[in-house]
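**Student:** Fold the following.
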Amino acid sequence: MTVLKPRQPVPALSVDLLNGSEWKLSDQQPDNFTMVVFYRGLHCPLCAKYIKELDKLAGDFAKAGVSVVVTSSDTEERAREAQQSWELQNIELGYGVTKETAQQWGLHRSAGRGLTSIGIEEPTEFSEPGLFLVRPDGTLYWSQVSTMPFARPHFREILGALDFVTANDYPARGELV
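**Tutor:** Below you'll find the model as predicted:
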């Protein structure tokens, strides 16, 4: 598994979106950052709550100069079901993150263990959550990778931190090997 380091280039990322287009990290031209959010999938009730919160704040991130992509290893069908059942209106979900892409981004992977608490079957394999802020030059600014669906960074706190970061030209931290 790869550990991405701040101030270093992140791997290429290309994601199929539910609207039929292909999203590429290399095509992004945000004022400040691109935020890449990997979620576990349709089966995860905590993901539903988490991604719904991001959907509500999508306009705030855009105002902060942050482009956003949200994706998982789910199939197109499962991603579409998530978009509909989670009532997402402001973000478009990506799908089909491969095992190789997950490994390049340093995401942990899990084996499916049957039905979840909401009665949805886990896929055979899926990626655990990760969140990355990437500078316009393609280098990593900040990351959070987890082995569990719990205790993820709150999007409102990220927005507050972005105000501080941009106002103070705060450097990426954690770059030492």
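**Student:** How about the residue nearest the centre of the chain: what's its closest non-neighbour residue?
**Tutor:** With distances taken as C-alpha atoms, centre = their mean, Val37 lies nearest the centre of the chain, 0.7 Å away. Using C-beta to C-beta, 6 or more residues apart in numbering and skipping residues adjacent in sequence, the residue nearest Val37 is Val70, 4.6 Å away. The way it works is simple: take the backbone N, C-alpha and C, and place the C-beta from them, glycine included.
**Student:** My reading is that the one you found is in a strand; is that accurate?
**Tutor:** Yes: Val70: assigned to a strand according to DSSP: H, G, I helix; E, B strand; the rest coil.
**Student:** Contacts only, for it.
**Tutor:** Val37, Tyr39, Ile51, Leu54, Ile91, Glu92, Leu93, Gly94 (C-beta atoms under 8 Å, 6 or more residues apart in numbering).
**Student:** which residues does the last one bridge with?
**Tutor:** In this structure, Gly94 has beta-bridge partners Leu17, where bridges are defined by DSSP bridges.
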